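1. I need the structure of the sequence given here:
(chains A and B)
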Amino acid sequence: MDQVQARIAQQEYAFDAGEVRRLLRNVMPEPLGDHFVVVGGSRFPPKQVISLVTGLDRADFNTHQARRILSRLGFTVGRRSHASATASPRRPGPHGGREADLLRPFAGRWVAQRGLEVLVAADTPQAVLQWLESNNQQADAMFRVPSDENEATGVAPA
Amino acid sequence: MRFPFKELPGTLSSDYLRPAVPVIVEGIPRAPQLCLLDTGALHNRFGAWTAEAAGIDLSDADEQRVAMGGFVTNARQAPLGMTLGGFTWEAPVWFCDPWPLAFHLLGQEGFFLWFNVRLRAAVYEIDITPET
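-> As a prediction, this is how the structure comes out:
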């Protein structure tokens, strides 16, 4: 469903999936709590998205309302604890391939990691540092997720 | 201190498992930089953006044009304070632009002089202790 009508804080709103994507195109996700919604390949706190779209204060609605609306619009919503679980077979590596799988959607982008989780992804290292500073977050590691073999190994292309 | 190898996603059938560690760069405390332990490298080589982020002025720094594994880059040298697992040292770093690798490089004069390193590739572990 691309369009959804919903009542929040005693007001009626019309939500449009394309409009949500457009509004979030240049927005950096805030630090995630337990819940997230995937928009444009990035994970956002659901309340950040609904607040941005409606202009409402986040105290005016709860996470479950935000999740429900975004889910009805067709966006993937999830819980971080569930999202980190994987059913894929164990592969070589200290984490059995789980870290690589978590990083795979961010190929070519700069990321800050805490544990295995990606805190933030951006197109420039400066944007990652700015996000960490403005959100008072501490990362365990920062790097660019390689998009090809040369970036991961430093070997000369054939 | 012990670190696991880094699992980086591959584009082919397998992932890249690299001996890389998070080094805190003086001036960038919130984001430890992933650095490959490059036993074949003489110098530390970092992406040039880290110098700017750390507030290091490279305008009067020595400059080289060097060819590395598959690319050519301009490198300028400056001393840099770094911390790994609570141990802090200062060493020369060559800041390179362009820098297409996923990580920075730690080499002999800027890292291995300071640490006793044991790579256990069979179990994807790195044991590091500061030299006494």
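
2. For chain A, name the helix or strand with the lowest mean pLDDT.
-> Here the helix or strand of chain A ranked lowest by mean pLDDT, DSSP states H and E is helix A:80-83, holding a mean of 58.

3. residues from chain B in reach of chain A?
-> Counting by Cβ under 8 Å from any Cβ of the partner chain, chain B comes close to chain A at B:4-12, B:14-18, B:20, B:22, B:28, B:30-34, B:36, B:47, B:49-50, B:53, B:68-71, B:100-103, B:105, B:124-125. For the C-beta atoms, the positions are set from N, CA and C on the backbone; glycine is no exception.

4. mind checking the SS state of the closest residue to residue B:91 other than its chain neighbours?
-> Excluding the flanking residues, the one nearest residue B:91 by Cβ to Cβ, 6 or more residues apart in numbering or on different chains is residue B:110, at 3.9 Å. Secondary structure, DSSP: H, G, I helix; E, B strand; the rest coil: residue B:110 is helix.

5. count of neighbours near residue B:110?
-> 25 (other Cβ atoms under 10 Å in any protein chain shown).

6. cool, and residue B:90?
-> Considering only other Cβ under 10 Å, residue B:90 is surrounded by 12 other residues.

7. now do the one 10 residues further on
-> Under the neighbour criterion other Cβ under 10 Å, residue B:100 is assigned a count of 18.

8. show me the contacts for it.
-> A:150, A:151, B:71 (Cβ atoms under 8 Å, 6 or more residues apart in numbering or on different chains).

9. Pull up the gap between the second one and residue B:18, please.
-> When distances are taken as Cβ to Cβ, to the nearest Å, residue A:151 and residue B:18 turn out to be 11 Å apart.

10. Equivalent analysis for residue A:7, please.
-> Taken as Cβ to Cβ, the span from residue A:7 to residue B:18 is 52 Å.

11. In contact with the residue nearest the centre of chain A, which residues?
-> In chain A, the C-alpha nearest the mean C-alpha coordinate belongs to residue A:43, at 1.6 Å (Cα atoms, centre = their mean). For residue A:43, the contact set (Cβ under 8 Å, 6+ apart) comprises A:29, A:32, A:36, A:37.

12. at 10 Å instead, please
-> Applying Cβ atoms under 10 Å, 6 or more residues apart in numbering or on different chains to residue A:43 gives the contacts A:29, A:32, A:35-37, A:76-78, A:80, A:83, A:105, A:117-118, A:120-121.

13. where does chain A have low pLDDT?
-> For chain A, the stretches with pLDDT under 70 are A:1, A:81-89, A:154-158.

14. domain parsing for it?
-> Here the domain parsing of chain A from automatic domain parsing is A:3-81, A:91-146.

15. ok, which stretches of chain A are helices?
-> If DSSP state H is used as the criterion, the helices of chain A fall at A:17-24, A:46-54, A:63-72, A:80-83, A:98-103, A:125-134, A:149-153.

16. list the helices and strands the third one packs on?
-> In this case it means helix A:63-72. Helix A:63-72 sits against strand A:3-8, strand A:11-16, helix A:17-24, strand A:35-39, helix A:46-54, strand A:76-79, with contacts defined as 3 or more Cβ pairs under 10 Å, 6 or more residues apart in numbering or on different chains; DSSP states H and E.

17. In terms of secondary structure, what does the shortest one contact?
-> Right, the one you point to is strand A:76-79. By 3+ Cβ pairs under 10 Å, 6+ apart, strand A:76-79 packs against strand A:35-39, strand A:42-44, helix A:63-72.
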